[in-house]
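> for reference, the sequence and a predicted model appear below.
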Amino acid sequence: MEDFMNKLIEWGSIFGIKLIAAIAILIIGNIIAKNIRKLILKLMDKRKVDKAISSFISSLAFSALWVFVILAALSQLGIQTTSFMTIIGAAGLSIGLALQGSLSNFASGFLIILFRPFKVGDYVEAGGVAGSISKISIFTTDFTTPDNKKIIVPNSQIMNGTITNYSAEKTRRVDFTFGVGYEMDISRVKDIMNNIIKGHKLILKDPEPFVRLGNLGDSSIDFTVRVWAETEDYWTVYFDLVEKVKEEFDKAEINIPYPQMDVHLIKE
(Lines give C-alpha, C1' and ligand atoms only; values in the text may rest on other atoms or scores of the structure.)
Protein backbone atom coordinates (compact mmCIF):
# COMPACT_ATOMS: atom_id res chain seq x y z
CA MET A 1 0.00 0.00 0.00
CA GLU A 2 2.86 2.31 0.88
CA ASP A 3 4.57 1.59 -2.47
CA PHE A 4 1.34 2.33 -4.31
CA MET A 5 0.97 5.67 -2.50
CA ASN A 6 4.56 6.58 -3.27
CA LYS A 7 4.07 5.77 -6.96
CA LEU A 8 0.81 7.74 -6.96
CA ILE A 9 2.55 10.74 -5.40
CA GLU A 10 5.45 10.40 -7.86
CA TRP A 11 3.04 10.16 -10.78
CA GLY A 12 1.04 13.10 -9.44
CA SER A 13 4.21 15.17 -9.14
CA ILE A 14 5.29 14.36 -12.70
CA PHE A 15 1.80 14.95 -14.07
CA GLY A 16 1.52 18.16 -12.09
CA ILE A 17 4.75 19.46 -13.63
CA LYS A 18 3.52 18.45 -17.09
CA LEU A 19 0.14 20.07 -16.42
CA ILE A 20 1.81 23.30 -15.33
CA ALA A 21 4.01 23.18 -18.46
CA ALA A 22 0.95 22.57 -20.66
CA ILE A 23 -0.91 25.49 -19.06
CA ALA A 24 2.18 27.66 -19.55
CA ILE A 25 2.27 26.65 -23.24
CA LEU A 26 -1.40 27.60 -23.61
CA ILE A 27 -0.90 30.98 -21.91
CA ILE A 28 2.30 31.87 -23.78
CA GLY A 29 0.88 30.51 -27.05
CA ASN A 30 -2.26 32.60 -26.58
CA ILE A 31 -0.17 35.75 -26.05
CA ILE A 32 1.97 35.03 -29.12
CA ALA A 33 -1.08 34.25 -31.28
CA LYS A 34 -2.80 37.47 -30.22
CA ASN A 35 0.32 39.53 -30.91
CA ILE A 36 0.70 37.96 -34.35
CA ARG A 37 -2.96 38.70 -35.08
CA LYS A 38 -2.44 42.34 -34.05
CA LEU A 39 0.69 42.53 -36.20
CA ILE A 40 -1.20 41.18 -39.24
CA LEU A 41 -4.00 43.70 -38.68
CA LYS A 42 -1.46 46.52 -38.36
CA LEU A 43 0.30 45.52 -41.59
CA MET A 44 -3.03 45.23 -43.38
CA ASP A 45 -4.10 48.68 -42.16
CA LYS A 46 -0.84 50.18 -43.49
CA ARG A 47 -1.60 48.59 -46.86
CA LYS A 48 -5.17 49.98 -46.62
CA VAL A 49 -6.66 46.51 -47.01
CA ASP A 50 -10.41 46.18 -46.66
CA LYS A 51 -11.39 45.69 -42.99
CA ALA A 52 -13.42 42.56 -43.66
CA ILE A 53 -10.55 40.90 -45.51
CA SER A 54 -7.92 41.85 -42.92
CA SER A 55 -10.18 40.60 -40.11
CA PHE A 56 -10.75 37.29 -41.90
CA ILE A 57 -7.05 36.71 -42.60
CA SER A 58 -5.96 37.64 -39.06
CA SER A 59 -8.62 35.37 -37.56
CA LEU A 60 -7.55 32.53 -39.85
CA ALA A 61 -3.91 32.94 -38.77
CA PHE A 62 -4.95 33.11 -35.08
CA SER A 63 -6.99 29.89 -35.39
CA ALA A 64 -4.15 28.05 -37.13
CA LEU A 65 -1.70 29.10 -34.41
CA TRP A 66 -4.11 27.97 -31.70
CA VAL A 67 -4.34 24.51 -33.25
CA PHE A 68 -0.55 24.14 -32.97
CA VAL A 69 -0.57 25.52 -29.41
CA ILE A 70 -3.22 23.02 -28.31
CA LEU A 71 -1.36 20.13 -29.95
CA ALA A 72 1.86 21.23 -28.21
CA ALA A 73 0.04 21.35 -24.85
CA LEU A 74 -1.47 17.90 -25.36
CA SER A 75 1.92 16.55 -26.35
CA GLN A 76 3.38 17.96 -23.13
CA LEU A 77 0.78 16.00 -21.16
CA GLY A 78 1.97 12.81 -22.85
CA ILE A 79 -1.02 12.49 -25.16
CA GLN A 80 -0.06 11.16 -28.59
CA THR A 81 -0.86 13.86 -31.12
CA THR A 82 0.23 11.93 -34.19
CA SER A 83 -3.29 10.72 -34.87
CA PHE A 84 -4.63 14.27 -34.45
CA MET A 85 -2.03 15.57 -36.91
CA THR A 86 -2.93 12.80 -39.35
CA ILE A 87 -6.64 13.63 -39.14
CA ILE A 88 -5.99 17.37 -39.51
CA GLY A 89 -3.63 16.75 -42.42
CA ALA A 90 -6.09 14.46 -44.18
CA ALA A 91 -8.93 16.91 -43.62
CA GLY A 92 -6.79 19.78 -44.88
CA LEU A 93 -5.79 17.81 -47.97
CA SER A 94 -9.38 16.88 -48.75
CA ILE A 95 -10.58 20.44 -48.31
CA GLY A 96 -7.66 21.73 -50.35
CA LEU A 97 -8.40 19.38 -53.26
CA ALA A 98 -12.10 20.19 -53.14
CA LEU A 99 -11.49 23.94 -53.08
CA GLN A 100 -8.34 24.03 -55.21
CA GLY A 101 -9.64 26.68 -57.60
CA SER A 102 -11.16 28.81 -54.85
CA LEU A 103 -8.02 28.63 -52.71
CA SER A 104 -5.91 29.63 -55.71
CA ASN A 105 -8.17 32.63 -56.29
CA PHE A 106 -8.06 33.45 -52.58
CA ALA A 107 -4.25 33.35 -52.50
CA SER A 108 -4.05 35.47 -55.65
CA GLY A 109 -6.55 37.95 -54.22
CA PHE A 110 -4.46 38.20 -51.07
CA LEU A 111 -1.35 38.95 -53.16
CA ILE A 112 -3.22 41.59 -55.19
CA ILE A 113 -4.40 43.31 -52.03
CA LEU A 114 -0.98 43.02 -50.37
CA PHE A 115 1.26 44.15 -53.25
CA ARG A 116 -1.30 46.41 -55.00
CA PRO A 117 -0.23 46.09 -58.66
CA PHE A 118 -3.33 48.17 -59.40
CA LYS A 119 -6.13 49.95 -57.58
CA VAL A 120 -9.76 50.81 -58.22
CA GLY A 121 -9.98 53.27 -61.10
CA ASP A 122 -6.78 52.17 -62.86
CA TYR A 123 -6.94 51.16 -66.51
CA VAL A 124 -5.36 47.71 -66.61
CA GLU A 125 -4.75 44.92 -69.09
CA ALA A 126 -4.61 41.56 -67.27
CA GLY A 127 -6.08 38.08 -67.45
CA GLY A 128 -6.95 38.55 -71.12
CA VAL A 129 -9.12 41.59 -70.32
CA ALA A 130 -8.56 45.34 -70.64
CA GLY A 131 -10.58 47.91 -68.74
CA SER A 132 -10.90 50.10 -65.67
CA ILE A 133 -10.82 48.34 -62.30
CA SER A 134 -14.20 48.81 -60.63
CA LYS A 135 -13.90 46.36 -57.71
CA ILE A 136 -11.23 44.18 -56.09
CA SER A 137 -12.46 41.30 -53.93
CA ILE A 138 -10.68 38.35 -52.36
CA PHE A 139 -11.71 35.91 -55.13
CA THR A 140 -12.37 38.04 -58.22
CA THR A 141 -11.64 41.44 -59.77
CA ASP A 142 -14.25 43.44 -61.71
CA PHE A 143 -13.31 45.27 -64.93
CA THR A 144 -15.37 47.91 -66.73
CA THR A 145 -14.51 48.03 -70.42
CA PRO A 146 -14.47 51.27 -72.48
CA ASP A 147 -17.83 50.27 -74.01
CA ASN A 148 -19.25 49.87 -70.47
CA LYS A 149 -19.28 46.09 -70.13
CA LYS A 150 -18.63 44.54 -66.73
CA ILE A 151 -16.21 41.60 -66.80
CA ILE A 152 -15.47 39.55 -63.66
CA VAL A 153 -12.08 37.83 -63.77
CA PRO A 154 -10.80 35.19 -61.27
CA ASN A 155 -7.80 36.53 -59.37
CA SER A 156 -5.65 33.49 -60.16
CA GLN A 157 -6.07 34.22 -63.88
CA ILE A 158 -4.76 37.74 -63.28
CA MET A 159 -1.78 36.79 -61.11
CA ASN A 160 -0.69 33.94 -63.41
CA GLY A 161 -0.16 36.32 -66.34
CA THR A 162 1.32 39.68 -67.24
CA ILE A 163 -0.28 42.78 -65.73
CA THR A 164 -0.07 46.06 -67.68
CA ASN A 165 -1.18 49.06 -65.63
CA TYR A 166 -1.63 52.08 -67.89
CA SER A 167 -2.53 54.34 -64.95
CA ALA A 168 0.37 53.49 -62.64
CA GLU A 169 2.59 56.43 -63.67
CA LYS A 170 1.69 60.12 -63.75
CA THR A 171 2.93 60.61 -67.30
CA ARG A 172 2.92 58.57 -70.51
CA ARG A 173 4.67 58.85 -73.84
CA VAL A 174 2.47 59.25 -76.93
CA ASP A 175 4.05 57.77 -80.08
CA PHE A 176 3.19 58.63 -83.69
CA THR A 177 4.42 57.78 -87.17
CA PHE A 178 3.59 60.24 -89.95
CA GLY A 179 4.46 59.46 -93.57
CA VAL A 180 4.97 62.06 -96.31
CA GLY A 181 6.02 61.86 -99.94
CA TYR A 182 9.67 61.52 -100.95
CA GLU A 183 9.53 64.86 -102.75
CA MET A 184 8.72 66.77 -99.54
CA ASP A 185 11.34 68.92 -97.77
CA ILE A 186 12.40 67.20 -94.51
CA SER A 187 13.18 70.42 -92.61
CA ARG A 188 9.85 71.97 -93.54
CA VAL A 189 7.89 68.92 -92.41
CA LYS A 190 9.77 68.85 -89.09
CA ASP A 191 9.13 72.56 -88.53
CA ILE A 192 5.39 72.11 -89.08
CA MET A 193 5.19 69.23 -86.59
CA ASN A 194 7.36 71.05 -84.01
CA ASN A 195 5.09 74.11 -84.24
CA ILE A 196 2.03 71.91 -83.71
CA ILE A 197 3.65 70.34 -80.63
CA LYS A 198 4.68 73.71 -79.17
CA GLY A 199 1.15 75.04 -79.58
CA HIS A 200 -0.52 72.19 -77.70
CA LYS A 201 -1.04 73.04 -74.01
CA LEU A 202 -1.27 69.44 -72.80
CA ILE A 203 2.08 68.30 -74.22
CA LEU A 204 4.84 68.44 -71.61
CA LYS A 205 8.06 70.33 -72.26
CA ASP A 206 10.06 67.87 -70.14
CA PRO A 207 10.88 65.26 -71.36
CA GLU A 208 11.58 67.11 -74.57
CA PRO A 209 9.44 66.15 -77.60
CA PHE A 210 11.15 64.06 -80.27
CA VAL A 211 10.66 64.58 -84.03
CA ARG A 212 13.01 62.76 -86.41
CA LEU A 213 12.96 60.98 -89.75
CA GLY A 214 12.68 57.34 -88.73
CA ASN A 215 12.16 55.23 -91.83
CA LEU A 216 12.43 55.23 -95.61
CA GLY A 217 9.35 53.28 -96.65
CA ASP A 218 8.25 51.85 -99.99
CA SER A 219 6.12 54.86 -100.88
CA SER A 220 6.81 57.40 -98.10
CA ILE A 221 9.38 58.79 -95.71
CA ASP A 222 8.14 58.20 -92.18
CA PHE A 223 8.69 60.59 -89.29
CA THR A 224 8.79 59.28 -85.71
CA VAL A 225 7.14 61.65 -83.24
CA ARG A 226 7.24 61.11 -79.47
CA VAL A 227 5.69 63.48 -76.94
CA TRP A 228 4.88 63.21 -73.24
CA ALA A 229 1.61 64.02 -71.50
CA GLU A 230 -0.17 63.48 -68.22
CA THR A 231 -1.66 59.98 -68.13
CA GLU A 232 -5.24 61.27 -68.04
CA ASP A 233 -4.51 63.43 -71.15
CA TYR A 234 -3.05 60.59 -73.24
CA TRP A 235 -5.94 60.07 -75.65
CA THR A 236 -6.75 63.78 -75.91
CA VAL A 237 -3.17 64.48 -77.02
CA TYR A 238 -3.19 61.49 -79.38
CA PHE A 239 -6.36 62.44 -81.27
CA ASP A 240 -5.59 66.17 -81.23
CA LEU A 241 -2.19 65.69 -82.87
CA VAL A 242 -3.49 63.30 -85.52
CA GLU A 243 -6.19 65.81 -86.51
CA LYS A 244 -3.90 68.84 -86.32
CA VAL A 245 -1.12 67.24 -88.39
CA LYS A 246 -3.62 66.39 -91.14
CA GLU A 247 -5.00 69.96 -91.13
CA GLU A 248 -1.56 71.60 -91.21
CA PHE A 249 -0.21 69.22 -93.86
CA ASP A 250 -3.21 70.06 -96.07
CA LYS A 251 -2.63 73.80 -95.59
CA ALA A 252 1.06 73.47 -96.43
CA GLU A 253 0.27 71.10 -99.32
CA ILE A 254 2.36 68.33 -97.76
CA ASN A 255 1.66 65.13 -99.65
CA ILE A 256 0.54 62.17 -97.51
CA PRO A 257 0.98 59.03 -99.66
CA TYR A 258 -1.51 56.20 -99.62
CA PRO A 259 -1.31 52.70 -101.09
CA GLN A 260 -1.92 52.64 -104.83
CA MET A 261 -2.13 49.89 -107.42
CA ASP A 262 -1.18 50.39 -111.03
CA VAL A 263 -3.07 48.16 -113.47
CA HIS A 264 -1.53 47.69 -116.93
CA LEU A 265 -3.77 46.36 -119.72
CA ILE A 266 -2.02 44.56 -122.55
CA LYS A 267 -3.85 44.19 -125.85
CA GLU A 268 -3.02 41.05 -127.72
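Everything's here; your move.
> what's the burial count for Thr144?
By other CB atoms under 10 Å, the residues close to Thr144 number 16. The way it works is simple: take the backbone N, C-alpha and C, and place the C-beta from them, glycine included.
> dump the residue contacts of it.
By CB atoms under 8 Å, 6 or more residues apart in numbering, the residues touching Thr144 are Gly131, Ser132, Ile133, Ser134, Lys150, Ile151.
> at 10 Å instead, please
Counting by CB atoms under 10 Å, 6 or more residues apart in numbering, Thr144 makes contact with Gly121, Tyr123, Gly131, Ser132, Ile133, Ser134, Lys135, Lys150, Ile151.
> put the buried members of these into a PyMOL selection.
The following PyMOL line selects those of the contacts of Thr144 that are buried, judged by 16 or more other CB atoms under 10 Å:
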select buried, resi 123+131+132+133
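> and the contacts of Thr144, which is closest to Trp235?
Using CB to CB, Tyr123 is the member of the contacts of Thr144 that sits closest to Trp235, with 10.4 Å.
> thought Asp233 was touching Asp240?
Yes: counting by CB atoms under 10 Å, Asp233 does reach Asp240; the two are 9.4 Å apart.
> would you reformat the contacts of Thr144 as CSV and include distance to Ala72, pLDDT and secondary structure?
What follows is those, written out as CSV (distance: CB to CB, whole Å; pLDDT from 0 to 100; DSSP: H, G, I helix; E, B strand; the rest coil):
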residue, distance to Ala72, pLDDT, secondary structure
Gly121, 47, 90, coil
Tyr123, 50, 95, strand
Gly131, 49, 95, strand
Ser132, 49, 94, strand
Ile133, 43, 92, strand
Ser134, 46, 91, strand
Lys135, 41, 87, strand
Lys150, 49, 95, strand
Ile151, 47, 95, strand
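> and the contacts of Thr144, which is closest to Lys18?
Lys18 lies nearest to Lys135 out of those, by CB to CB, at 52.5 Å.
> surely Asp222 meets Val211?
No: in this structure, Asp222 is not within contact of Val211 by CB under 10 Å, at 12.0 Å.
> which one of those two has more residues nearby?
Taking neighbours as other CB under 10 Å, Asp222 and Val211 compare with Val211 leading, 20 against 13.
> off-centre distance for the helix or strand where that one lies?
Using DSSP states H and E, Val211 falls within strand 210-216. Once both centres are worked out by CA atoms, centre = their mean, to the nearest Å, strand 210-216 turns out to sit 35 Å from its chain's centre.
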